[in-house]
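Trainee: mind folding the following:
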Amino acid sequence: MADRVIDVAGHMQKYADPNTVAVAQNIVEPLNDRAGFAPAKRVVDGYEVYTWRPAD
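Mentor: Residues are numbered from 1 along each chain as shown. Modelled structure (predicted):
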């Protein structure tokens, strides 16, 4: 079984730094509160990547 959404999510997490969550830019843009999200300066499967990391 294969699905593009699952493949992209897996690829993003593969390249994410430890203790972060990687998501596509188009997921972050509509959020009212983008606290914790930062551009990863990386493209995965054609998607600009943002990372979320918890506040210290």
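Trainee: so where's this structure uncertain?
Mentor: 1 (pLDDT under 70).
Trainee: in a helix, Lys14, correct?
Mentor: Yes. Under DSSP: H, G, I helix; E, B strand; the rest coil, Lys14 falls within a helix.
Trainee: burial check on it, number of neighbours?
Mentor: Counted with other CB atoms under 10 Å, the neighbours of Lys14 add up to 9. From N, CA and C alone the C-beta is placed, and that goes for glycine too.
Trainee: and it, how close does it get to Val8?
Mentor: 11 Å (CB to CB, to the nearest Å).
Trainee: equivalent analysis for Ala38, please.
Mentor: Ala38 is 19 Å from Val8, where distance means CB to CB.
Trainee: centroid residue for the protein?
Mentor: Centroid check for the chain by CA atoms, centre = their mean gives Val23 as the closest residue, at 1.8 Å.
Trainee: residue contacts, that residue?
Mentor: By CB atoms under 8 Å, 6 or more residues apart in numbering, the contact list for Val23 reads Met12, Phe37, Val49, Tyr50, Thr51, Trp52.
Trainee: beta partners of it?
Mentor: Counting by DSSP bridges, Val23 is bridged to Tyr50.
Trainee: which non-adjacent residue is nearest Asn19?
Mentor: Arg53 (6.3 Å; CB to CB, 6 or more residues apart in numbering).
Trainee: go on, Glu48?
Mentor: Leaving aside its chain neighbours, Glu48 sits nearest to Gln25 (4.0 Å; criterion: CB to CB, 6+ apart).
Trainee: ok, Tyr15 next?
Mentor: Closest residue to Tyr15 apart from its sequence neighbours, by CB to CB, 6+ apart: Val44 at 6.0 Å.
Trainee: alpha carbons of the biggest strand by length in the chain, as CSV, please.
Mentor: Assignment by DSSP state E gives strand 37-44 as the longest strand of the chain. Only the C-alpha atoms of strand 37-44 are listed here, as CSV (Å, rounded to 0.1, in the frame of the first residue of the first chain):
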residue,chain,number,x,y,z
PHE,A,37,7.6,27.4,13.2
ALA,A,38,10.6,28.6,11.2
PRO,A,39,11.6,28.1,7.5
ALA,A,40,14.0,25.1,7.2
LYS,A,41,15.5,26.4,4.0
ARG,A,42,14.9,23.0,2.5
VAL,A,43,12.6,21.6,-0.2
VAL,A,44,11.3,18.1,0.1
